[in-house]
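Trainee: Below are the sequence and a predicted model; questions follow.
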Amino acid sequence: MHRLPVGGAMGICWKDYPVNGFHDEVILAPGQPRPGAEALCAYLASLDDARLAERVASAEAGIRLMGITFRVYGDDGGSLDRHWPYDLIPRILPLPEWRRIEAGLKQRALALNLFIDDVYHDQRAFRDGIVPRELLATSKNFRPECMGVSPAHGVWAHICGSDLVRDRDGTVYVLEDNLRVPSGVSYMLENRQITKRCFPELFRRARILPVDDYPSQLHAMLASLSPRPGDEPQIVVLTPGIYNSAYYEHSYLAQRMGVELVTGADLFVDDDDCVQMHTLSGPRRVDVIYRRVDDLFLDPEAFRPDSM
């Protein structure tokens with residue numbers, strides 16, 4: 001969270017913004033924006049306190065109006081829906097820096113998928129001593145049922161949520177990779193929409209790469225996995241239900257992709273080992289399931305028998 005220097009009725013005074021001893025993503029030195037953040041700093045400095053307060057109030061009202069929430073589980077086992085916290089100041093990365101990060105993330109996603117494929121096939125990483133074999137024996141995420149399975153395109157993790165952090169010198173590192181059911185992309189998409197509504201002038205001044213096509217890219221990726229190429233695929237988003245902490249995202253992505261949002265009770269497997277979906281007009285075959293449930297709850301015959 002950025003702490004804005006108060007500039008009174010004349011707006012933000014960036015010369016009073018302290019940056020000693022740490023890497024700030026907006027300000028390079030007092031009064032000097034980082035490359036790529038010039039338009040942002042100039043725009044914010046042009047807004048007085050009252051207009052900045054209006055932008056904050058507008059963002060918070062938009063979040064409440066759109067129902068952007070996440071669920072927090074308490075110590076008593078209960079849960080509470082909270083509105084998504086929003087930081088008024090966007091982080092703007094110069095294009096050369098982002099392209100380097102992007103290339104590294106693509107390389108990392110490829111390497112992770114190759115490693116998972118090796119785990120469930122030749123296991124050369126263990127045989128060659130690169131990864132200790134005992135790690136496999138003690139891993140709670142290893143699924144012996146998947147040995148020998150070859151998924152479409154050779155891809156096991158179709159969506160990767162990598163958490164990025166900056167060191168004090170500005171170097172970007174990967175904190176962790178979330179491969180199973182990564183959550184959070186809906187908040188990124190909604191954050192962008194809110195920022196564009198609050199700062200429309202900023203997006204006219206600065207050339208910001210769009211993110212609006214994420215749902216269409218997600219839909220195209222899922223469609224490519226259909227076992228019936230050439231036909232219009234029936235895609236569904238499988239959610240644990242309304243009490244899941246990420247249910248907002250499940251419903252959001254299903255709506256943006258124009259596909260059905262289902263729970264386990266909506267699906268069944270027919271005599272031909274094909275997944276069918278209950279509809280008002282009768283069963284309908286499902287080609288691709290974007291599952292937002294953990295591995296062990298995916299199939300009661302192969303994993304947990306109490307799974308729904």
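Mentor: That came through, no problem.

Trainee: following the lengthiest helix in the chain, which helix or strand comes up?
Mentor: In the chain, taking DSSP state H as the definition, the longest helix is helix 95-119. Sequence-wise, the next helix or strand beyond helix 95-119 is helix 124-127, with elements assigned using DSSP states H and E.

Trainee: before we move on, back to that, what's the longest helix of the chain packed up against?
Mentor: Other elements packing on helix 95-119 under the criterion 3 or more CB pairs under 8 Å, 6 or more residues apart in numbering; DSSP states H and E are helix 124-127, strand 161-166, strand 172-178. For every residue, glycine as well, the C-beta is placed using N, CA and C.

Trainee: Low-confidence ranges, the stretch 101-250 of the chain, go.
Mentor: Applying pLDDT under 70 to the stretch 101-250 of the chain picks out no residues at all.

Trainee: Touching, Val131 and Ala125? I think so.
Mentor: Yes. Taking CB atoms under 8 Å as the contact criterion, Val131 and Ala125 are neighbours in contact, 4.6 Å apart.

Trainee: So what does the nearest residue to Val262 once chain neighbours are set aside have for phi and psi?
Mentor: With CB to CB, 6 or more residues apart in numbering as the measure, Val236 is the residue that lies nearest to Val262, at 4.8 Å, once sequence neighbours are left out. When quoted as degrees, to the nearest 10, the phi and psi of Val236 stand at phi -130, psi 150.

Trainee: Strands along the stretch 151-300 of the chain, start to end?
Mentor: 161-166, 172-178, 235-238, 260-262, 267-269, 275-277, 284-285, 288-291 (DSSP state E, counting those that start in this stretch).

Trainee: Could you tell me the average pLDDT over the fourth one, please?
Mentor: Right, strand 260-262. pLDDT averaged over strand 260-262 equals 97, rounded to a whole number.

Trainee: contacting residues for Arg124?
Mentor: When contacts are counted by CB atoms under 8 Å, 6 or more residues apart in numbering, Arg124 is found next to Asp118.

Trainee: Next one: it relative to Glu301, how far apart?
Mentor: Arg124 sits 31 Å away from Glu301, taking CB to CB, to the nearest Å as the criterion.

Trainee: one step back: I'd like to know which of the strands of the stretch 151-300 of the chain is closest to Glu97.
Mentor: Shortest separation from Glu97 across the strands of the stretch 151-300 of the chain is recorded for strand 172-178, at 8.0 Å, computed as CB to CB.

Trainee: That closest one: how far from the chain's middle?
Mentor: 13 Å (CA atoms, centre = their mean, to the nearest Å).

Trainee: now swap in stretch 236-245 and tell me
Mentor: With CA atoms, centre = their mean as the basis, stretch 236-245 stands 16 Å off its chain's centre.

Trainee: Ok, stretch 240-248 next?
Mentor: With CA atoms, centre = their mean as the basis, the mean position of stretch 240-248 lies at 15 Å from the chain mean.

Trainee: swap in stretch 271-279?
Mentor: A distance of 30 Å separates the centroid of the chain from that of stretch 271-279, by CA atoms, centre = their mean.

Trainee: Can you list the neighbours in contact with it?
Mentor: Counting by CB under 8 Å, 6+ apart, the neighbours of stretch 271-279 from elsewhere in the structure are 234, 236, 260, 262, 266-270, 283-286, 289.

Trainee: in it, what's buried?
Mentor: By neighbour count on 16 or more other CB atoms under 10 Å, the buried set for stretch 271-279 is 275-277.

Trainee: again, but for stretch 92-107
Mentor: Going by neighbour count (16+ other CB under 10 Å), the buried part of stretch 92-107 is 92-93.

Trainee: related to what we said a few turns ago, which one of the helices and strands packed on helix 95-119 lies nearest to Met188?
Mentor: Counting by CB to CB, Met188 lies closest to strand 161-166 out of the helices and strands packed on helix 95-119; the figure is 10.2 Å.

Trainee: same for the closest one, what does it pack against?
Mentor: Contact here means 3+ CB pairs under 8 Å, 6+ apart; on that basis strand 161-166 packs against helix 95-119, strand 172-178.

Trainee: residues in contact with the closest residue to Ala157 other than its chain neighbours?
Mentor: Closest residue to Ala157 apart from its sequence neighbours, by CB to CB, 6+ apart: Leu179 at 4.0 Å. If you count contacts by CB under 8 Å, 6+ apart, Leu179 has them with 112, 116, 156-157, 160-161.

Trainee: Repeat that for Asp266.
Mentor: Contacts for Asp266 were tallied using CB under 8 Å, 6+ apart; they are 236, 260, 277-278.

Trainee: Now do the phi/psi pair for Asp128.
Mentor: Here is the backbone geometry of Asp128 (degrees, to the nearest 10): phi -90, psi 0.

Trainee: just the one 3 residues further on next, same as before
Mentor: With angles defined as degrees, to the nearest 10, Val131 shows backbone torsions of phi -120, psi 130.
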